[in-house]
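Student: Okay, structure incoming, though there's no sequence with it:
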């Protein structure tokens, strides 16, 4: 039905024929599955027909694609039709963590849309360019600004930034998750203690370079600070977008969605933070087929649903964190010592790199909840290589390594996982370090020579107030890593509780660096000669105690495969 309203004001006919407020359902034969909205302010019926046929029809079709049906199904026939509404200069909220739960089908369809200068918000963009969900948009030069938490391994993003073709805004991952969640809930800003004492508070990190790759055109700005309950906090403005692109496992015609395991991550919050939410689903079911108690994204937030195109499951294999020879022996001793920090019933976050190996040296009977806030796993375990046959790729850790669930584990969205950190509900963080100062400052977000920091989860961990244990070698290429003052960007001030090195163990007792254990064959004098820091030596100095019981079989298999220099395994 076409609703036609007759007015005598012909002078405004040309303008108002493009106004959209009524409802028009196109017949199926037209090949367009959308509800058109139209108010035709025209003088007579003949003029209405002419206006619709010659002038309005193309605009109506384009405009209709921007708006979902008010009644009936929200299913559209193709991903290209679903994203045809997106225009240049708009902000796109992209769900998923790296490739886990990413809306590849919609993002691939976006390559065919005539839209550029987009602002893209995503949880992380640090996976290699070949595995990046944003690869097509970036190669097509459609993205003007990227807001994310980590770009460390993405050569394409770094190259575009160096050429001055991409603006990058980096946020701590937990802060980013909360910015998206709060934005979707209509909260314009909030205060958080995460980032105090770092570049997040002080600003000055380049966000935009000139085309010569050297001239800095813009930097992140210092943030407003206030005191709450004796704690300094930063003002964080929330994030909202014009469109959300998210991935679901199952969805019905009304837009209700179920997400599978670790694919939840950033998807539910991205869905609510866009004015229009477009969902791609592996399976589209009839209304009523989904239990209302199982819904992760309610249909009220969803405007369009389209069928996903199946993607192959891939898992990244990181470089072996243990190394070989003498280096391997040193790092293994550090991981074994760190395993003694694990306590019964504790909730523990293991950072990427060497800390991931700590799990392999814990007592098998020990009941420890390993938390992976990035992918929302509360109670995960490393999945050994011998158990990966048939692995579906729905459970990955922050480094995109396969995981399995404990019997008492659960899955939450990313913002809830980080709420456990920010709210100080965890017991222990074990992370790696590039530098530690004698006052307990930690630097592990930017190596010397790197263009940009990669805050990821490290700033969230370092400023949470939970006990932080750092694994770090005393020196790298002859340069000490335990220093008087960090010259690399810090992730937290006075946040280190314990430092485990290849030469010994330090604690910060009453704010003073204290050597409490030394490695086999190492003397306190040798430790003093390896660092410019001044430190106390504990009266009850002990030998470095190692955790000797381990589930080393799976670790040995992992190291064997990694040392074959495989960069990618298809499962």
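Tutor: That came through, no problem. No experiment lies behind these values; they were computed from the predicted model shown.
Student: Quick one: residues contacting residue 419.
Tutor: 178, 425 (C-beta atoms under 8 Å, 6 or more residues apart in numbering). Using the backbone N, CA and C atoms, a C-beta is placed for each residue, glycine as well.
Student: And it, which helix or strand is it part of?
Tutor: For residue 419, the host element (DSSP states H and E) is helix 414-422.
Student: Skip ahead from that helix and say which helix or strand is next.
Tutor: Toward the C-terminus from helix 414-422 - assigned by DSSP H and E - lies strand 428-432.
Student: That next one - which strands sit beside it in the sheet, and in what orientation?
Tutor: Counting by DSSP bridges, the strands paired with strand 428-432 are strand 347-350 (parallel), strand 468-471 (parallel).
Student: tell me the angle that strand makes with helix 414-422.
Tutor: Put simply, strand 428-432 runs at 100 degrees to helix 414-422, going by axes from the mean of the first three to the mean of the last three C-alpha atoms, to 10 degrees.
Student: Run through the residues that contact the residue positioned nearest the centre of the chain.
Tutor: Centroid-nearest residue in the chain: residue 123, 2.7 Å away (criterion: C-alpha atoms, centre = their mean). Residues near residue 123 by C-beta under 8 Å, 6+ apart: 95-98, 148-149, 173, 176-177, 265-266, 374, 414.
Student: try it again with 6 Å
Tutor: 97, 266 (C-beta atoms under 6 Å, 6 or more residues apart in numbering).
Student: how many other residues sit next to the residue nearest to residue 297 when sequence neighbours are not counted?
Tutor: Distances taken as C-beta to C-beta, 6 or more residues apart in numbering put residue 257 closest to residue 297, at 3.9 Å, once the chain neighbours are dropped. Other residues lying near residue 257 total 28 when counted by other C-beta atoms under 10 Å.
Student: before we move on, the earlier item: per-residue pLDDT, the residue nearest to the centre of the chain?
Tutor: As predicted, residue 123 sits at a pLDDT of 93.
Student: so how far is stretch 409-416 from its chain's centroid?
Tutor: Stretch 409-416 has its C-alpha centroid displaced from the chain centroid by 13 Å (C-alpha atoms, centre = their mean, to the nearest Å).
Student: How about residues contacting that stretch?
Tutor: Applying C-beta under 6 Å, 6+ apart, the external contacts of stretch 409-416 come out as 177-178, 181, 261, 264-266, 268-269, 376, 378-379.
Student: Do me a favour and get the end-to-end distance for that stretch?
Tutor: 14 Å (C-alpha to C-alpha, to the nearest Å).
Student: ok, for residue 176, nearest residue in space, not its chain neighbours?
Tutor: Nearest in space to residue 176, with sequence neighbours left out and distances taken as C-beta to C-beta, 6+ apart, is residue 149 at 5.1 Å.
Student: For residue 441, see how far away that neighbour is.
Tutor: Note on residue 149: its distance to residue 441, by C-beta to C-beta, to the nearest Å, is 21 Å.
Student: ok, the residue nearest to residue 176 - how many residues close by?
Tutor: 26.
Student: Assess the claim that it and residue 174 are in contact.
Tutor: No - Residue 149 is not in contact with residue 174 according to C-beta atoms under 6 Å; the separation is 8.6 Å.
Student: quick revisit: with distance to residue 227 and pLDDT added, can I get the contacts of stretch 409-416 in JSON lines?
Tutor: As requested, the contacts of stretch 409-416 are exported to JSON lines (distance: C-beta to C-beta, whole Å; pLDDT from 0 to 100):
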{"residue": "177", "distance to residue 227": "24", "pLDDT": "97"}
{"residue": "178", "distance to residue 227": "20", "pLDDT": "97"}
{"residue": "181", "distance to residue 227": "24", "pLDDT": "97"}
{"residue": "261", "distance to residue 227": "41", "pLDDT": "92"}
{"residue": "264", "distance to residue 227": "35", "pLDDT": "94"}
{"residue": "265", "distance to residue 227": "33", "pLDDT": "95"}
{"residue": "266", "distance to residue 227": "31", "pLDDT": "96"}
{"residue": "268", "distance to residue 227": "33", "pLDDT": "97"}
{"residue": "269", "distance to residue 227": "28", "pLDDT": "97"}
{"residue": "376", "distance to residue 227": "32", "pLDDT": "93"}
{"residue": "378", "distance to residue 227": "32", "pLDDT": "93"}
{"residue": "379", "distance to residue 227": "36", "pLDDT": "91"}
